[in-house]
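Trainee: task: produce atomic coordinates for the following.
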Amino acid sequence: MPKHGLRGGVGAGRSCAVMKIAILGSGRGSNAEAVLCAQREGRLGGAAVVSLFCDVPGARILELGGRFGVPAFQPPTGEFRTRFSPDVEKCWVRAIRDTGADFLVLAGFMRVIKAPLLEAFAGRIVNLHPSLLPAFPGLDAIGQAWRYGVKVSGCTVHHVNATVDGGDIIDQAVVWRDDADSLESFAGKIHAAEHRLLPSVLARLGASQG
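Mentor: Predicted coordinates:
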C-alpha cells in the first residue's frame, strides 16, 4: 500500500504533538505543500502532519512524501470515481489510523466521504474549499464565482459533515476580483490565499487542543 514507505522524518519525530494530521488529496498537493512548509518552518505549533494519502495514481501530492520526510500512501480506491464503497472506506480508516493520525485535512480531495470516515474521525475532519461558503459549493467553485461575476470571493476552511461543503465554517480569507483579472489570475489569487489560510487554521486548531 505505501507509495513512499518512509520512516522517521518530520512527522515521526513529533510524537508529543497534540494533533496528528493526515492530509488527503487528489492532485498537485499545493495546499499540502504549504502546510508541510509551515511545519518545516515551525509554524504549525501543536499540530504535525504524520501522513499523506492520495486516491489518484501518480498524483504530484505523493512526491511530497519524499521531499518532506512524511509517509505517503495510495490505498485501493475501488470501483467508484467520486466516492468509496463502505468496505473500501473502512480500509482507508484503518490505513490512516495505522499512521497515528487523529485528524484529517481534505485539501483538494475529490471524493465525497461517508459514514466510515465521518464516524471514525467525528469532529476531527476539516476541508479547504475555494470560495466563501456558503456561496459556490461543490465542483469548480472558482469557475462558478467567475461566471457569476462576483467582485469578492476567497476560500474557506470548514468542518466536514454529511452535507457536501455544508459543515460549520472555521475561517475564511477574502480575495477581490480586479477589473484586470483573468480567470487564471483570479484563481491564482485564491490559491495563494488558500496557502496562507490553511496552515494558519491548523496551527490555531492544534493550539486549541492543548
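
Trainee: use CA for all of it now, contacts and neighbours both
Mentor: Noted.

Trainee: report the next helix or strand after the lowest-mean-pLDDT helix or strand in the chain in sequence order.
Mentor: Ranked by mean pLDDT, DSSP states H and E, the helix or strand of the chain with the weakest confidence is helix 9-12, at a mean of 38. Next in sequence after helix 9-12, counting helices and strands by DSSP states H and E, comes strand 19-25.

Trainee: in the next helix-or-strand element following that following strand, what's buried?
Mentor: Toward the C-terminus, strand 19-25 is succeeded by helix 30-40 as the next helix or strand (DSSP H and E). Neighbour-count burial for helix 30-40, counted by 16 or more other CA atoms under 10 Å, picks out 30-36, 38-39.

Trainee: report the angle between helix 30-40 and strand 19-25.
Mentor: 150 degrees (axes from the mean of the first three to the mean of the last three CA atoms, to 10 degrees).

Trainee: what about stretch 114-127, average pLDDT?
Mentor: Averaged across stretch 114-127, the pLDDT comes to 97.

Trainee: helices of the chain, start to end?
Mentor: Remark: helices assigned in the chain by DSSP state H are 9-12, 30-40, 63-68, 86-98, 115-120, 141-148, 183-209.

Trainee: can I get those helices in a markdown table including distance to His159?
Mentor: A markdown table is the format used below for the helices of the chain (distance: least, CA to CA, whole Å):
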| stretch | distance to His159 |
| --- | --- |
| helix 9-12 | 23 |
| helix 30-40 | 17 |
| helix 63-68 | 25 |
| helix 86-98 | 18 |
| helix 115-120 | 11 |
| helix 141-148 | 18 |
| helix 183-209 | 12 |
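
Trainee: between these, which one is closest to Leu52.
Mentor: helix 63-68 (7.0 Å; CA to CA).

Trainee: which neighbouring elements make contact with the closest one?
Mentor: strand 72-73 (3 or more CA pairs under 8 Å, 6 or more residues apart in numbering; DSSP states H and E).

Trainee: run me through the strand neighbours of the strand it packs on, direction for each.
Mentor: strand 2-4 (antiparallel), strand 47-54 (parallel) (DSSP bridges).

Trainee: under the pLDDT cut-off, which ranges of this protein? List them.
Mentor: Across the chain, the ranges flagged by pLDDT under 70 are 1-17, 210.

Trainee: which strand residues bridge the residue most central in space within the chain?
Mentor: What sits nearest the mean C-alpha location of the chain, by CA atoms, centre = their mean, is Ala107, with 2.2 Å. Note on Ala107: beta-bridge partners Leu128, judged by DSSP bridges.

Trainee: wait, it sits on Ile125?
Mentor: No. Contact status for Ala107 versus Ile125: not in contact, 10.9 Å apart, counting by CA atoms under 8 Å.

Trainee: list the contacts of Ile113.
Mentor: 83-84, 89, 162 (CA atoms under 8 Å, 6 or more residues apart in numbering).
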